[in-house]
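Trainee: sequence below, structure please.
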Amino acid sequence: MKKVFIVGCGSYMDSTYGCTGEWRCLKAAALGEGEFKEPTSVIAFVRCECPGRTLLANIKMAIKLSEMKPDEIYLSNCFFKPKPDCPYLKAEELAKTIEDNFGIKVYFGTHPY
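Mentor: Down below sits the predicted model:
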């Protein structure tokens, strides 16, 4: 079973713009729905906190504390396509930075609901 990290937008979740938190992402991963092509084990859910400067350090810490390197990283729907848009980060740029720093493929989106 693939091991993944999910990166969510902490501000979006805290503001309750329709996303109450991780449950939709976790459900999609467990059932292999949405962007997950098969049932998947989520080994960390990392929240990006504005303005995003600590996200790479948080991913590194999650790898260290979980003692597992994920096979893939998914940018959650609330991170990848938020409304309103994030004023600090572009998901595509962040994905490239994550891939360059950790050598882990980053996917956009998580669930269909």
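Trainee: where in the protein is pLDDT low?
Mentor: In the predicted model of the chain, residues 16-21 satisfy pLDDT under 70.
Trainee: now the helices for the protein?
Mentor: 10-14, 23-31, 55-66, 77-80, 91-102 (DSSP state H).
Trainee: so which of these is nearest Val42?
Mentor: helix 23-31 (4.9 Å; CB to CB). Yep, even glycine has a C-beta here, placed from its N, CA and C like the rest.
Trainee: got the buried residues for the closest one?
Mentor: For helix 23-31, burial by neighbour count (16 or more other CB atoms under 10 Å) applies to 24-26, 28-29.
Trainee: equivalent analysis for stretch 51-66, please.
Mentor: Applying 16+ other CB under 10 Å to stretch 51-66 flags 52, 55, 58-59, 62-63 as buried.
Trainee: wait, which of the helices of the chain is closest to Gly109?
Mentor: The closest of the helices of the chain to Gly109 is helix 77-80. By CB to CB, the value is 5.2 Å.
Trainee: which helices and strands sit right next to that closest one?
Mentor: Where contact means 3 or more CB pairs under 8 Å, 6 or more residues apart in numbering; DSSP states H and E, helix 77-80 is packed against strand 3-9, helix 10-14.
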